[in-house]
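1. sharing a model that was predicted from the sequence below.
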Amino acid sequence: MLRSLFIWLSGNKAVRACAERSRMGQRLAARFVAGTTVEQAVAACRRVNADGIAVTLDWLGESVAVEAEARASAQVYQRLLDAIAAQGLNANVSLKLSQMGMDIATSLAEAITGEIVERAAAVGSFVRIDMEGSAYTEATLAMTERLQARFPGSVGTVLQAYLYRTEADVERLLAQGIRIRLCKGAYREGPEVAFPAKPDVDRNYVKLMKRMVSFAKDGKGVFCGMATHDEAIVEQMLGFVGERGVAGSGFEFQMLYGVRRDLQRRLAREGFGVRVYLPFGTAWYPYFMRRLAERPANALFLARNLFRG
């Protein structure tokens, strides 16, 4: 029930406008959001890098309806890529296509995103095209494929284990050498397109995770990220790669800024690749609500810390 409430709240424009202006809302979000400026995000990236952990920087925003806003977001990404190159940060970037004008025109989003990927390729970095709701899935995959053809190795995307179609999409992207970030999924989807029960999502996640790392072991050279905070799944992954002799250099664990820092640091100490998804910006509300939807216990954690200090 709480999950459905938080997902509904993530799309409520009136609540969003109030929350993003509220000092208390900003204070709550600070657990998961690394500030509102490029400078704050870069400083947070340095702190995470100091623990031997890589970073994906994300300027928060989605569902842009004005071209000028999409182009302004693109300029932030150009600045991020310049900062990564100039300061030698262990980082790349992640963006949403609806933030780049996908709801205005696919051609606009592709042109803008293509310029960002071109810059990433020029400085030896990488762009992760994030996945949104299932209405965007096919268009996101198709655009990633076109950009991969233009800039091989400089672009990848995200697949969501709760969608029935994802098993076929894993094979589709692996065959093209496209890097995948596998997550469980955090959007509201109906039973006609997604597994409605968490145990089924978890089983599908583990199945796809094993397929992806097995493919990497076969020498095909597709480096993938396993995005999960579920320690039971992490342990299954560690056991599987140990049994199969999969090198730790063939994949990485990916987690969210402010979530399971203890697990992030433990895995890094044990020599596994770990990357933290580090979001920042003023448009933090939808992201924050989806984090609470993924794990409603986070709401209790935040409430305790808010009233403690």
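-> Yes, it's here.

2. and the top helix by length along the chain, what other elements does it pack with?
-> Taking DSSP state H as the criterion, the chain has its longest helix at helix 67-87. Judged by 3 or more Cβ pairs under 8 Å, 6 or more residues apart in numbering; DSSP states H and E, the packing partners of helix 67-87 are helix 38-49, strand 54-59, strand 91-95, helix 106-122. All C-beta spots, glycine's among them, are computed from the backbone N, C-alpha and C.

3. contacting residues for the closest residue to Ala74 other than its chain neighbours?
-> With Cβ to Cβ, 6 or more residues apart in numbering as the criterion, Ala74 has its nearest non-adjacent residue at 4.9 Å, and that residue is Ile112. Contacts for Ile112 (Cβ atoms under 8 Å, 6 or more residues apart in numbering) come out as Ala70, Arg71, Ala74, Met100, Gly101.

4. and Ile112, how far is that from Asp202?
-> Distance of Ile112 to Asp202, computed by Cβ to Cβ, to the nearest Å: 36 Å.

5. so Thr113 sits against Thr144, correct?
-> No - the criterion here is Cβ atoms under 8 Å, and Thr113 misses it with Thr144 at 9.3 Å.

6. quick check: neighbours shared by those two?
-> By Cβ under 8 Å, 6+ apart, Thr113 and Thr144 have these common neighbours: Ile129.

7. which residues of the stretch 201-309 of the chain score low on pLDDT?
-> Along the stretch 201-309 of the chain, the parts satisfying pLDDT under 70 run over 216-221, 289-309.

8. hey, where'd the strands end up in it?
-> Remark: strands assigned in the stretch 201-309 of the chain by DSSP state E, counting those that start in this stretch are 224-227, 251-256, 274-280.

9. how about those strands in a markdown table, adding distance to Gln87 and mean neighbour count?
-> Putting the strands of the stretch 201-309 of the chain into a markdown table (distance: least, Cβ to Cβ, whole Å; neighbours: other Cβ atoms under 10 Å) gives the following:
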| stretch | distance to Gln87 | mean neighbour count |
| --- | --- | --- |
| strand 224-227 | 23 | 24 |
| strand 251-256 | 21 | 22 |
| strand 274-280 | 15 | 24 |
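
10. alright, that wraps it up for me.
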